[in-house]
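Student: give the three-dimensional model of this entry:
(chains A and B)
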Amino acid sequence: MAPLLEVKDLTVRFYTQEGVVTAVDGLSYRIESGEKFGVVGESGAGKSVTALSVLRLIDSPGQIESGEILFKGEDLLEMSESEIRSIRGNEIAMIFQDAQTALNPVYSVGGQIAEAIEHHLDYTPEEARDRTIQLLDRVGIPEAEARFSDYPHEFSGGMQQRAIIAMALSCDPDLIVADEPTTALDVTIEAQILDELRELADEFDTAIQLITHDLGVIAEVCDRVMVMYAGKPVEKASVEELYYDPKHPYTVGLMSSIPRVGDGRDRLQTIPGTMPDLVELPSGCSFHPRCPFAEEQCTRTEPALTDVETGREATLDTEHAAACIEYTEGLSQGLTYSVEVDGPADDAVSQYVEGDSRE
Amino acid sequence: MRRIYESDAIHRDDDEAHVPNERRRNTTLQAMRSVPSSTLSDLLVPRRLRHRFVTVDVQTPEQEYAVGEPIPFAVTIRNRMPFPVSIPTVSPLLWEWTVDGNVEASEVPLRDPPEEAGSFAFDRGERKEFRKRWDQLVRVSDSEWTPAAPGTHTIGAAINTADAERTGLSAETTVEIVR
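Tutor: Numbering: from 1, shown residues only, chains lettered A, B, ... in the order given. Down below sits the predicted model:
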């Protein structure tokens, strides 16, 4: 069976006055039906551009320069505007980062959701209204019927985000692209929304491409993860492998910067420096200026995404791939980090208590 | 779909205080209406003359650099005229910098810009300065870089027009890499 979504060698560039921004460079990945695929990375890593490319929503001065986006075997980049419109919202839906901006302030929330249902599923206005009320109820909006004709400003931030989720689910899509759906929300609402998203995806067997910079969110929701840095994938693995056996120094850096309950350290470990300017990427491996393991050859050679087991160039079928010279030519000093897995939560609590008493 | 004007959010009433009313203006406007000067300039200034109004300059802070030391340089593009000017470019790529004739110090083509015309727009008297850095490495393949040899190297910049050199829309400077 053909995979649901297959992105091959996607390159997206923005032609700006300062120079050419290569936001996504040679990106390939695959999402199977019903799979929850995470994309993680810092701000400016190209995550959102990747998501927008899938829906062909890249606007000037951006250009999808090369690559293929195969959805159920058909190339979205070859489709006409009307063909892509019939897929957007219907078969591929998007949950945008900022719900308040995504909703139109002069139309009622219910009306906006019902419009998509009427358009894609040929429902009558009454049927669309009923289905919208059901959906609003499903995503946990109280008194959905009364709230149908409310305007976006009458909803709280969490409710707006739920309404956007309801909109994304309205046409039973096969794929939901969720671009940081919980970034603007507090942690309790975040947990609720992620639970809902996961439940709904399981219920409707919908695949999710979840974009976030929060590794905790990924661990909670996803099956497989792709870590992006400066427009390129640096590591692809299943969630378990990524967490217990990270292979790229950037992933290791991201992991060590997660605060933990019971951590005795005074300061949180960070990755020094910032993401490079995408107009002027460093030579060789883009991560080398920030990498504690970087050697001379890292500045001269750009590592390809490699199968960490075999050392061969990664394909779409590769289980665990990382883009580091260590897995091809090998670094003279090697990657000298170790991963420690803490015991059960009880230990963490006792450590926390001990940590307190030591101070 | 219910629209905002069908709701009670906007309600106009002469009897009720604090309700927005129709605005009446008794005075005539004194200021001159602004004109879209860039569009006017595009319509009125002949294309064949535009290159004369824009200058390009490349400068490095020093003339000599030690091996391996990154070389910063500034590209300044200025419209000398008191009216806006736009230069048509052959692609959306507006300008590029070169080292010894190689775009962004790469011996392999870096990108393939779409075949559609672009336009590099300048406001009146506008000066655009771009600061770049060459780390003394030359890209020899898609994934390999080698250090540049010591000696004299030319850093250039040009607006992406068909004949930038002939029309004076390019500039270059030389630097010396010493051991």
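
Student: show me what contacts residue 45?
Tutor: Answering for chain A, as no chain was given. When contacts are counted by Cβ atoms under 8 Å, 6 or more residues apart in numbering or on different chains, residue A:45 touches A:228-231, A:275. C-betas here are computed from N, CA, C, even on glycine.

Student: correction: the question concerned chain B.
Tutor: Counting by Cβ under 8 Å, 6+ apart, residue B:45 makes contact with B:53, B:83, B:85.

Student: got it, and residue A:201?
Tutor: By Cβ under 8 Å, 6+ apart, the contact list for residue A:201 reads A:34, A:36, A:176, A:207-208.

Student: could I get those as TSV with distance to residue A:147 and secondary structure?
Tutor: Supplementary listing: the contacts of residue A:201 in TSV, determined by distance: Cβ to Cβ, whole Å; DSSP: H, G, I helix; E, B strand; the rest coil:
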residue	distance to residue A:147	secondary structure
A:34	30	coil
A:36	29	strand
A:176	22	strand
A:207	29	strand
A:208	25	strand
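
Student: who's in contact with residue A:341?
Tutor: Residue A:341 makes contact with residue A:244 under the criterion Cβ under 8 Å, 6+ apart.

Student: how near is it to residue A:246?
Tutor: 12 Å (Cβ to Cβ, to the nearest Å).

Student: for residue A:258, same thing?
Tutor: Distance from residue A:258 to residue A:246, by Cβ to Cβ: 12 Å.

Student: where's the dip in pLDDT among the contacts of residue A:201?
Tutor: Ranked by pLDDT, the contacts of residue A:201 bottom out at residue A:34 (88).

Student: burial of residue 173, as a residue count?
Tutor: Since you didn't name a chain, this refers to chain A. The burial metric for residue A:173, expressed as a neighbour count using other Cβ atoms under 10 Å in any protein chain shown, is 22.

Student: hmm, no, I was thinking of chain B.
Tutor: The local packing of residue B:173 (other Cβ under 10 Å) involves 15 other residues.

Student: what sits against the closest residue in space to residue A:102 that isn't next to it in sequence?
Tutor: For residue A:102, ignoring the flanking residues on the chain, the nearest one in space by Cβ to Cβ, 6 or more residues apart in numbering or on different chains is residue A:96 at 4.0 Å. With contacts defined as Cβ under 8 Å, 6+ apart, residue A:96 is in contact with A:102, A:164, A:179.

Student: ok, now which ones touch the closest residue to chain B within the stretch 151-300 of chain A?
Tutor: Taking Cβ to the nearest Cβ, chain B has its nearest neighbour within the stretch 151-300 of chain A at residue A:283, 4.5 Å off. With contacts taken as Cβ under 8 Å, 6+ apart, residue A:283 has the following neighbours: A:299-300, A:302, B:135, B:137, B:139, B:145.

Student: now with 10 Å, please.
Tutor: Listed by Cβ atoms under 10 Å, 6 or more residues apart in numbering or on different chains, the contact set of residue A:283 reads A:298-302, B:105-106, B:135-139, B:144-147.

Student: ok, residue B:72 next?
Tutor: If a contact means Cβ under 10 Å, 6+ apart, then residue B:72 has B:59-62, B:65, B:131-134 as its contacts.

Student: now do residue A:254
Tutor: If a contact means Cβ under 10 Å, 6+ apart, then residue A:254 has A:40-42, A:213, A:215, A:227, A:229, A:235, A:242, A:246, A:248, A:271 as its contacts.

Student: farthest-apart pair in the contacts of residue A:201, please.
Tutor: Looking at the contacts of residue A:201 by Cβ to Cβ, the two members farthest from one another are A:34 and A:176, with 11.4 Å of separation.

Student: and the spatially most central residue of chain B, how far is that from chain A?
Tutor: Among the residues of chain B, the smallest C-alpha distance to the mean C-alpha position (Cα atoms, centre = their mean) belongs to residue B:120, namely 5.7 Å. When distance is defined by Cβ to the nearest Cβ, to the nearest Å, residue B:120 is 8 Å away from chain A.

Student: coming back round to it: which among the contacts of residue A:254 end up buried?
Tutor: Neighbour counting over the contacts of residue A:254 (16 or more other Cβ atoms under 10 Å in any protein chain shown) leaves A:40-41, A:213, A:215, A:227, A:229, A:235, A:242, A:246, A:248, A:271 as the buried ones.

Student: residues near the residue of the stretch 251-359 of chain A at minimum distance from chain B, how many?
Tutor: Closest residue of the stretch 251-359 of chain A to chain B, Cβ to the nearest Cβ: residue A:302 (4.0 Å). Neighbour count of residue A:302, defined by other Cβ under 10 Å: 22.

Student: how deep is the residue nearest to it when sequence neighbours are not counted tucked in, by neighbour count?
Tutor: Across the structure, with Cβ to Cβ, 6+ apart as the measure, the residue nearest residue A:302 apart from its sequence neighbours is residue B:143 (4.0 Å). By other Cβ under 10 Å, 14 other residues sit near residue B:143.

Student: centre of the chain to the longest helix seen in chain B, how far?
Tutor: The longest helix of chain B (DSSP state H) is helix B:37-44. The chain centre lies 18 Å from the centre of helix B:37-44; the measure is Cα atoms, centre = their mean, to the nearest Å.

Student: repeat that for stretch A:85-92.
Tutor: Here the centre of stretch A:85-92 is set off from its chain's centre by 19 Å, with Cα atoms, centre = their mean.

Student: now stretch A:148-167
Tutor: What separates the centre of stretch A:148-167 from the centre of its chain is 22 Å, taken as Cα atoms, centre = their mean.

Student: re earlier: of the contacts of residue A:283, buried ones?
Tutor: Using 16+ other Cβ under 10 Å as the burial test, the contacts of residue A:283 include A:298-302, B:105-106, B:135-139, B:144-145 as buried.

Student: out of those residues, the closest to residue A:60 would be?
Tutor: Checking the buried ones among the contacts of residue A:283 against residue A:60 by Cβ to Cβ gives residue B:106 as the nearest, at 25.7 Å.

Student: what is the closest one paired to in the beta sheet?
Tutor: Partner residues in beta bridges with residue B:106: residue B:139, with DSSP bridges as the criterion.

Student: isn't it right next to residue B:99, touching?
Tutor: Yes. When contacts are counted by Cβ atoms under 10 Å, residue B:106 is listed as touching residue B:99 (8.7 Å).

Student: tell me, what's touching the two both at once?
Tutor: Residues touching both residue B:106 and residue B:99 comprise B:137-138, with contact defined as Cβ under 10 Å, 6+ apart.

Student: and the buried ones among the contacts of residue A:283 as TSV, adding distance to residue A:193?
Tutor: As requested, the buried ones among the contacts of residue A:283 are exported to TSV (distance: Cβ to Cβ, whole Å):
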residue	distance to residue A:193
A:298	40
A:299	43
A:300	45
A:301	42
A:302	38
B:105	47
B:106	45
B:135	44
B:136	50
B:137	46
B:138	50
B:139	45
B:144	46
B:145	45
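
Student: which one of the residues you listed sits closest to residue B:155?
Tutor: For residue B:155, the closest of the buried ones among the contacts of residue A:283 turns out to be residue B:105, at 8.9 Å, with distances computed as Cβ to Cβ.

Student: got a pLDDT number for residue A:177?
Tutor: With respect to pLDDT, residue A:177 has a value of 93.

Student: my read is that it contacts residue A:55, right?
Tutor: Yes. The pair residue A:177 and residue A:55 qualifies as a contact (Cβ under 10 Å) at a distance of 6.7 Å.

Student: still on that earlier bit, check contacts around the residue of the stretch 251-359 of chain A closest to chain B.
Tutor: When contacts are taken as Cβ under 10 Å, 6+ apart, residue A:302 is in contact with A:232, A:281-286, A:288, A:323, A:325, B:139, B:141-145.

Student: out of the residues you listed, who's nearest residue A:61?
Tutor: The closest of the contacts of residue A:302, once distances to residue A:61 are taken by Cβ to Cβ, is residue A:281, at 18.3 Å.
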